[in-house]
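**Student:** coordinates for the following, if possible.
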Amino acid sequence: MSTRKDTLATYRAKRDLRRSGEPSGAAEHGGDEPRFVIQRHDASSLHFDFRLEIGGVLVSWSIPKGPSLDPGDKRLAIRTEDHPLDYARFEGRIPNDEYGAGTVIVWDTGTFEPLGEESAEQALDSGTLHVWLEGEKLHGAFDLVRTRMSPRQEQWLLIKKNDEGADRRRKPAKTQPESVLSGKTNRDLA
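**Tutor:** This next block holds a predicted model:
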């Protein structure tokens, strides 16, 4: 397990930031409220990257099917390396020969509040994180629950709680592909 001080070492080791155009993490500091961002990443396979601002970085999961508003759905969320805070506004095209090659848009963003007695850091370490999201496409309570932990990969589930933000009919991951920042789609950046 990496320490907070070197938590971006894996992020930097995987990329040539001069070529990829991705943020280095040198420019941005957190705001008054912790942020979340969900980026639609059309790489070798289309997926959604869910990131929560915790401990000065964006703690990240890859969600192959995207988030669901149906409390009956349990979406696989694979923990990935932490990303720098300035990645929250990154949109662009990562060149073909670089890690994560493909297009990235900001599919949703906003603030979040950890729910429960534990801090977000403690809940992350314990493997059960309850959050309230205030985004443009997603709203309400979600649970992240770790189901498998290994040195190579942590698997979690993202589950929408049954509240006013739940909607069993609406499928924003399929019907709303555009960026909440630029209005562009992944196809526009290809």
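**Student:** chain center to stretch 177-190, what's the gap?
**Tutor:** In terms of C-alpha atoms, centre = their mean, to the nearest Å, the centre of stretch 177-190 is found 17 Å from the chain centre.
**Student:** just the CA coordinates of that stretch, formatted as CSV?
**Tutor:** What follows is stretch 177-190 as a C-alpha-only set of coordinates in CSV (Å, rounded to 0.1, in the frame of the first residue of the first chain):
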residue,chain,number,x,y,z
PRO,A,177,-22.9,10.7,-23.6
GLU,A,178,-22.0,14.4,-23.7
SER,A,179,-19.5,16.3,-21.4
VAL,A,180,-21.0,18.5,-18.7
LEU,A,181,-18.1,20.9,-19.2
SER,A,182,-17.8,21.3,-23.0
GLY,A,183,-20.9,19.6,-24.4
LYS,A,184,-18.6,17.4,-26.6
THR,A,185,-18.8,13.6,-26.9
ASN,A,186,-15.9,11.2,-27.1
ARG,A,187,-16.5,11.0,-30.9
ASP,A,188,-16.0,14.8,-31.2
LEU,A,189,-12.5,14.4,-29.8
ALA,A,190,-11.5,11.3,-31.9
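**Student:** touching that stretch from outside, list them.
**Tutor:** By C-beta atoms under 8 Å, 6 or more residues apart in numbering, the residues outside stretch 177-190 that reach it are 40-42, 46, 89, 91-93, 102-109, 135-137. Every residue, glycine included, has its C-beta placed from N, CA and C.
**Student:** so among these, which ones count as buried?
**Tutor:** 40-42, 46, 91, 93, 102-109, 135, 137 (16 or more other C-beta atoms under 10 Å).
**Student:** sheet-wise, list the partners of the longest strand belonging to the chain with their directions.
**Tutor:** Using DSSP state E to define each element, the chain has its longest strand at strand 102-114. Using DSSP bridges, strand 102-114 pairs in its sheet with strand 35-42 (antiparallel), strand 92-94 (antiparallel), strand 128-135 (antiparallel).
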